[in-house]
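Visitor: have a look at this fold, sequence not included:
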């Protein structure tokens, strides 16, 4: 079989995979079409916007930075979206009698089929049009677009081939679940970056662009600008750097393909050794209380570390809880009270405690024979949560206060954070017993079909109730801040908030325990639907 025949076969295979994937269900087809329309519309708007920026001062810095971010996106895409392209896993081709060089060429061409490459092409074309000046620059721009596009695709393929064992393991599925976190954090970074650029202009990007113009694929766009400025030697060096990076990526990709095609799969051996080490390790258990409390706390903490959905929820809450107050303080528009956002985000983890158990909740239910057993179960889960949330909420509050330099308000900010956390623990325990719902183990949905209403009632109803429960501490904070001599007594808000949080948590657990013991069959039915 000739190389051209292999390449055309792989292109047809890629098209067949796309077509057959859309035939699986009407919902998948609708989601794919909607995402394609949105992506292409966004690409068209970016293309128009970049063309409109042609001739603007410092536009070259913007497009160089955009090309660098685009390359970074292609590099991390296989790690967070391993199931987005079935051809990313080359081990599926291990039984075919193919040599590495034609296989690399065929997969590279097939990789150019899809929405992602088309989106990248639009952005690169717009970048070239924005900075090209003169016919020579446009000629170089054609070469630059081709090189930059191939570097992006080859980078994604090389990363996927180097991490294929990870991507097909449980840790790989964890990374896929965490993709929502990457999007959330990226959106926050883009938001704050856009605000900063809007205030200071594109000139702020010049120092970063001076460095990134030597980093492929951004160096290809930098070459187009250099030709327009008459710096032909600089442009040649940047194009050569891009071509060299492409050759290096293809070589790395080819080497990993050869190893994957000729090496036995020993991926289960490290996993078995890790499991054996974990079984012999009891360090965590020795640090926790004895009896049922320590056992439940250890189980809850292992859920946080092992279960992909639970881990994703925790990491997202930890990241967003820090980003919002710290970024606002960094911009000079924040307040120490924004630190309460961390306590609110972490307190949400107390909601739907039994949903993470799924159908395995029956083992927990078998150990609960009285209200006392239910109370100890809920208390242990709350203590496990406090091991993480209490120091983290304190850390975020102290960091936010330090960035703002408003140390006088630290006690009241901590008191409010503790009160909010205690209120959310109380309402979370009650809603876990009253409005449980199932969390599907597969896919990206966090609520089983038909239980969306329960999730809304549990989370948002509980959050509103928690805010109302914090009203006394909030009212006391306002009164001390508006009264004439209240500043001398604001330090009292720390012990008052901590004591109020402890009382709320204890009361919530006491109220939730009878509900839990009485509704065990209903809870098991609700959490087993996923």
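Guide: Thanks, I have the structure now. The model shown is predicted, which means the values in this text are computed figures rather than measured ones.
Visitor: can you list contacts of stretch 392-403?
Guide: With contacts defined as C-beta atoms under 8 Å, 6 or more residues apart in numbering, stretch 392-403 is touched by 318, 321-322, 325-326, 329-330, 334, 336, 338-339, 342-343, 346, 407, 409-410, 413-414, 417-418, 421. In short, each C-beta sits where N, CA and C put it, glycine included.
Visitor: ugh, typo on my part, it should be stretch 240-253
Guide: If you take C-beta under 8 Å, 6+ apart as the criterion, stretch 240-253 is touched by 104, 108, 144, 147-148, 150-151, 154-155, 157-158, 161-162, 214, 216-217, 219-220, 223.
Visitor: quick one: the closest residue to residue 142 other than its chain neighbours from residue 218, how far?
Guide: Using C-beta to C-beta, 6 or more residues apart in numbering and skipping residues adjacent in sequence, the residue nearest residue 142 is residue 128, 8.0 Å away. Taking C-beta to C-beta, to the nearest Å as the measure, residue 128 and residue 218 are separated by 12 Å.
Visitor: neighbour count winner among these two?
Guide: For residue 128 versus residue 218, neighbours defined as other C-beta atoms under 10 Å are more numerous around residue 218 (28 against 25).
Visitor: wouldn't that one be in contact with residue 212 here?
Guide: Yes: under the criterion of C-beta atoms under 8 Å, residue 218 makes contact with residue 212 at 4.8 Å.
Visitor: any shared contact partners between those two?
Guide: Listed contacts common to residue 218 and residue 212 are 64, 65, 67, 68; contacts here mean C-beta under 8 Å, 6+ apart.
Visitor: buried subset of the residues you listed, written for PyMOL?
Guide: The buried residues among the shared contacts of residue 218 and residue 212 can be selected in PyMOL (16 or more other C-beta atoms under 10 Å) with this line:
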select buried, resi 64+65+67+68
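Visitor: inside helices: which ones of the shared contacts of residue 218 and residue 212?
Guide: The helices, defined by DSSP state H, take in 64, 65, 67, 68 from the shared contacts of residue 218 and residue 212.
Visitor: export those residues to CSV and tack on pLDDT?
Guide: What follows is these, written out as CSV (pLDDT from 0 to 100):
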residue, pLDDT
64, 91
65, 89
67, 91
68, 91
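Visitor: which one among those gets closest to residue 41?
Guide: When these are ranked by distance to residue 41 (C-beta to C-beta), residue 67 comes first, at 21.0 Å.
Visitor: now do the contacts for the residue lying closest to the closest one once chain neighbours are set aside.
Guide: Nearest non-adjacent residue to residue 67, counting by C-beta to C-beta, 6+ apart: residue 218, 4.1 Å away. Counting by C-beta under 8 Å, 6+ apart, residue 218 touches 64, 65, 67, 68, 71, 212.
Visitor: the fifth one: how many residues sit nearby?
Guide: Meaning residue 71. There are 22 residues near residue 71, going by other C-beta under 10 Å.
Visitor: toward the C-terminus, what is the element adjacent to whichever strand or helix holds residue 317?
Guide: According to DSSP states H and E, residue 317 maps onto helix 308-330. Next in sequence after helix 308-330, counting helices and strands by DSSP H and E, comes helix 340-347.
Visitor: any buried residues in the next helix or strand along the chain from that next one, and which?
Guide: Next helix or strand after helix 340-347 toward the C-terminus (DSSP H and E): helix 361-365. Within helix 361-365, the residues that qualify as buried are 361, 364, 365, counting by 16+ other C-beta under 10 Å.
Visitor: so who does the first one touch?
Guide: It stands for residue 361. Here residue 361 is in contact with 354, 523, 524, 527, 528 (criterion: C-beta under 8 Å, 6+ apart).
Visitor: the bottom helix or strand of the protein by mean pLDDT?
Guide: Here the helix or strand of the chain ranked lowest by mean pLDDT, DSSP states H and E is helix 268-280, holding a mean of 45.
Visitor: can you give me the mean pLDDT across the host helix or strand of residue 254?
Guide: Assigned by DSSP H and E, residue 254 belongs to helix 232-262. Average pLDDT, helix 232-262: 89.
Visitor: any idea how far that helix is from the chain center?
Guide: 29 Å (C-alpha atoms, centre = their mean, to the nearest Å).
Visitor: swap in stretch 493-500?
Guide: Distance of stretch 493-500 from its chain centroid, counting by C-alpha atoms, centre = their mean, is 34 Å.
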